[in-house]
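**Q** Next come a sequence and a model predicted from it.
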Amino acid sequence: MATPTPNDASARSLDALSPFDPELLRDPWDYYRRLREEAPVHRDPGTGIFLVSTYELVTEAIRDFETFSNRFGRVMGGASALPKEVVEVAKEGYPPVDTMLTADPPEQRRFRKLVNKAFSVGRVDKLEPRIQAIADELIQGFAGGGAIDLTTAFAQPLSLTVIADQLGVPRKDLPTFRRWTDGFVAQLGQMADLETQVESAKMIVEFQRYFAERLEERRQSPREDIISDIVHATVEGERSLDVPECLSILQQLLVAGNETTASALAEGIWLLIRNPDQLELVQNDLERVPALVEEVLRLATPTANMWRVTTKDTRLGGVDIPANSMCLLRYAAANRDPEKFPDPDRLDVDRENVADHIAFGAGIHFCVGAALARKEMTVGFRTLLERFEGFRLQPGAAPPEHRPNILLWGFDSLPIELSPRS
Ligand code: HEM
């Protein structure tokens, strides 16, 4: 074993490691293992944040939603958490409000009811031919094989086009959508410098203005799309949603519905490249694609971490957590817990409990878009594996580098080569 250097995280105590250290965020797996083994509920002394890392304890916290609240909006852009330059820009837009992800029952249930129908398994099944058509159109761009960037040529445009179609925005606006997503992702990551934060805030204001106009258009003349559904929705005779609430929901759908699914698709191909036995297994039996989807979700866990805030003094895993503490539920660490998934770092599509992962969370905040994400991944992997073979990293290319983002795990580029299947 190599002798640890002073910079080597494995040589330092957990207390000496910052959960926001970019190096740890880029390569967190050994850190996660240590958290699970040494301190499944660990208070980070630098920030006072409680890190929860085993499968059992993460699911226990998720299910106790009255104690572990999702009203963590203030960490992700509440005025008190932001530099004044960012607050100045944000003032030009609509005020942030808490809807699905950042709300608790009963409000959260009310918002969920509005969007659940749009993303139900039945409705998503009907979308399959459209998702397939988008995938087929994208692979036209590299039908002859060769060198491509899988992220920008396939994974990102597939998920972006699907969600933009669902929201009912024209394809010509897709590049703008991509920029907005990058802005939201940077804000969520909480790692950006001031200039990037100001830029992200400007993009969010742009996004709000664009959608405020679309909402008004649909208010006057509804169409068959989610913007119209949201603007005209009423639940149990309550008032309809106001513009900031609609914008908050649309923002969640855009980011959650786009970035995470794109990451899962690109991570999946990267995992297959590094596991040729599994690539061969699935390629020879495409019936295994749904199991591949689940195993990729477990190992990639694109929503690597999620916040909670305690509403009262509590105890988890034998550790006292005071009221109003920020907790980081480490879904990615839980999904590699050997107590739940033997040989957890291995991609194994034949794993017995392949669908037991919590990549979509669990309980009342279970991902609204899970059926859509699974469908996009199934169509995406099936199309690539049916049409191409010889997946490999481009000669001389460095392995993809993950973004240092506290919540979302993913990379911006995957330079690969592939050949049409003979
Ligand atoms: C592979 C892709 C995806 C992953 C890994 C993922 C992951 C998650 C996770 C872990 C949560 C729970 C957060 C918590 O516990 O607080 C969540 C919630 C959510 N997801 Fe996804 N998601 C994905 C795709 C999508 C898609 C396609 C959409 C929309 C079309 C979407 C919309 C949402 C929304 C709105 C919530 C908040 C629900 C609530 O709090 O009630 N997600 N997602």
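**A** Here it is on my side, so go on. Numbering: from 1, shown residues only.

**Q** dump the residue contacts of Thr313.
**A** Check again: residue 313 is Asp, not Thr. 320-323 (C-beta atoms under 8 Å, 6 or more residues apart in numbering). The C-beta positions use only the backbone N, C-alpha and C, and glycine is treated the same way.

**Q** Go again with 10 Å.
**A** Asp313 makes contact with 67, 320-325, according to C-beta atoms under 10 Å, 6 or more residues apart in numbering.

**Q** Let me know the distance separating it from Trp307.
**A** Taking C-beta to C-beta, to the nearest Å as the measure, Asp313 falls 19 Å from Trp307.

**Q** Same check on Asp125?
**A** Look at Asp125 and Trp307: by C-beta to C-beta, they are 33 Å apart.

**Q** Show me which of these two is the more surrounded one.
**A** Trp307 (22 against 11; other C-beta atoms under 10 Å).

**Q** Which strands or helices does the helix or strand hosting the more buried one pack on?
**A** Assigned by DSSP states H and E, Trp307 belongs to strand 306-310. Under the contact criterion of 3 or more C-beta pairs under 10 Å, 6 or more residues apart in numbering; DSSP states H and E, strand 306-310 touches strand 50-52, helix 55-63, strand 68-69, strand 326-329.

**Q** Mind listing the strands the third one pairs with, and their directions?
**A** Under the criterion DSSP bridges, strand 68-69 sits next to strand 306-310 (antiparallel) in its sheet.

**Q** how distant is the helix or strand following the partner strand from the center of its chain?
**A** Next along the chain after strand 306-310, taking DSSP H and E as the criterion, comes strand 314-316. When distances are taken as C-alpha atoms, centre = their mean, to the nearest Å, strand 314-316 is centred 27 Å away from the chain's centroid.

**Q** got the contact list for Pro216?
**A** Quick fix: residue 216 reads Glu, not Pro. Per C-beta under 10 Å, 6+ apart, neighbours of Glu216: 231, 243.

**Q** From Arg209, how far off is it?
**A** The separation that Glu216 has from Arg209, given C-beta to C-beta, amounts to 11 Å.

**Q** Spell out which residues of the stretch 101-250 of the chain are next to the ligand.
**A** 101, 108, 112, 119, 163 (C-beta under 6 Å from any ligand atom).

**Q** how about the nearest residue to the first one, chain neighbours excluded?
**A** Setting aside the residues directly before and after it, Leu101 is nearest to Gln252 in space (C-beta to C-beta, 6 or more residues apart in numbering), at 5.5 Å.

**Q** Which element, helix or strand, includes that neighbour?
**A** Per DSSP H and E: helix 243-256 holds Gln252.

**Q** elements contacting that helix?
**A** helix 107-116, helix 156-167, helix 174-189, helix 194-220, helix 226-232.

**Q** most packed of these?
**A** helix 156-167 (a mean of 23; mean count of other C-beta atoms under 10 Å).

**Q** re earlier: contacts only, for the residue nearest to Leu101.
**A** Neighbour list for Gln252: 99-102, 111, 115, 184, 368-369 [criterion: C-beta under 10 Å, 6+ apart].

**Q** Could you export the residues you listed as a markdown table, including distance to Pro170?
**A** What follows is those, written out as a markdown table (distance: C-beta to C-beta, whole Å):
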| residue | distance to Pro170 |
| --- | --- |
| Thr99 | 25 |
| Met100 | 26 |
| Leu101 | 27 |
| Thr102 | 29 |
| Phe111 | 26 |
| Val115 | 22 |
| Phe184 | 20 |
| Val368 | 24 |
| Gly369 | 21 |
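
**Q** Flag the least confident of these.
**A** For these, the minimum pLDDT belongs to Phe184; the value there is 80.

**Q** how close does the nearest residue to it once chain neighbours are set aside sit to Asp320?
**A** Closest residue to Phe184 apart from its sequence neighbours, by C-beta to C-beta, 6+ apart: Val255 at 4.5 Å. As judged by C-beta to C-beta, Val255 and Asp320 stand 34 Å apart.

**Q** Please identify which of these two sits among more neighbours.
**A** More neighbours surround Val255 than the other of Val255 and Asp320, with 22 against 12 (other C-beta under 10 Å).

**Q** pretty sure that one is in contact with Ser200, am I right?
**A** No - the criterion here is C-beta atoms under 10 Å, and Val255 misses it with Ser200 at 11.6 Å.

**Q** count of residues packed around the residue of the chain found nearest the ligand?
**A** At 2.1 Å from the ligand, Gly369 is the closest residue in the chain, using C-beta to the nearest ligand atom. By the criterion of other C-beta under 10 Å, Gly369 has 25 neighbours.

**Q** Gly363 too?
**A** The burial count for Gly363: 12, using other C-beta under 10 Å.

**Q** likewise Gly168?
**A** Gly168 has 16 nearby residues by other C-beta under 10 Å.

**Q** what angle do the helix or strand bottoming out on mean pLDDT in the chain and helix 156-167 make?
**A** One helix or strand of the chain scores below all others by mean pLDDT, DSSP states H and E: helix 174-189, with a mean of 81. On the basis of axes from the mean of the first three to the mean of the last three C-alpha atoms, to 10 degrees, helix 174-189 is oriented at 100 degrees to helix 156-167.

**Q** Next, the angle helix 194-220 makes with helix 174-189.
**A** Computed by the same axes, to 10 degrees, the angle separating helix 174-189 from helix 194-220 equals 120 degrees.

**Q** just checking, what packs against helix 174-189?
**A** Contacts defined by 3+ C-beta pairs under 10 Å, 6+ apart place helix 174-189 against helix 156-167, helix 194-220, helix 243-256, helix 259-274.

**Q** re the thing from before, doesn't Arg123 make contact with the residue of the chain closest to the ligand?
**A** No - look at Gly369 against Arg123 with C-beta under 10 Å: they stay out of range, at 11.5 Å.

**Q** any residues in contact with both of the two?
**A** Common neighbours of Gly369 and Arg123 (C-beta under 10 Å, 6+ apart) are Gln166.

**Q** And the pLDDT at Ala332?
**A** So, for Ala332, pLDDT stands at 98.

**Q** That one: neighbour count?
**A** Ala332, neighbours per other C-beta under 10 Å, totals 24.

**Q** same question, Thr99
**A** Thr99 has 25 nearby residues by other C-beta under 10 Å.

**Q** Which residue, neighbours along the chain excluded, lies closest to it?
**A** Once flanking residues are discounted, Thr99 sits nearest to Ser248: 4.2 Å by C-beta to C-beta, 6+ apart.

**Q** Enumerate every residue touching the one you found.
**A** Ser248 sits next to 73, 94-103, 111, 208, 241 when contact means C-beta under 10 Å, 6+ apart.
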